[in-house]
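Peer 1: Could you work out the structure for the sequence below:
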Amino acid sequence: MDSDPEIRLCEVSGEQEAAMVVNLLHEDGLPARSDASSSMNVFGGLPFEPGHSIYVPRPVAARALKILGNYPHFKNLRNLHVPGGR
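Peer 2: So this is what the prediction gives:
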């Protein structure tokens with residue numbers, strides 16, 4: 001499995017949204033992670049919290065986007081990966 005390169009699937013607004021996306025993908029059996037960490041709450045979740053990236057193995061990217069597309073809340077994610085692009 002280490003031979004499958006990880007790609008950035010999309011960006012989300014905050015740590016909570018990152019956790020929701022990762023959990024949705026995990027529930028469907030897809031490996032996923034975000035660059036958010038609990039240490040980012042050191043300042044109490046200030047409103048200028050930066051966005052976070054969601055990462056998945058390249059072979060599951062299209063399936064992950066299809067899963068997220070089933071949820072209206074995730075229809076406007078930023079910097080979506082385009083399977084077959086780049």
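Peer 1: From here on, just use CA atoms for contacts and neighbour counts.
Peer 2: Fine.
Peer 1: Longest helix in this structure, by number of residues?
Peer 2: If you go by DSSP state H, the chain has its longest helix at helix 15-27.
Peer 1: for it, which positions count as buried?
Peer 2: Buried residues in helix 15-27, counted by 16 or more other CA atoms under 10 Å: 15, 17-19, 21-25.
Peer 1: The spatially most central residue of the chain: what secondary structure?
Peer 2: The centroid of the chain falls nearest to I54 when counting by CA atoms, centre = their mean (2.5 Å). Applying DSSP: H, G, I helix; E, B strand; the rest coil to I54 yields a three-state assignment of strand.
Peer 1: Which strand residues bridge it?
Peer 2: On the basis of DSSP bridges, I54 is bridged to C10, S34.
Peer 1: A18 is in contact with that one, correct?
Peer 2: Yes: look at I54 against A18 with CA atoms under 8 Å: they come within range, at 6.9 Å.
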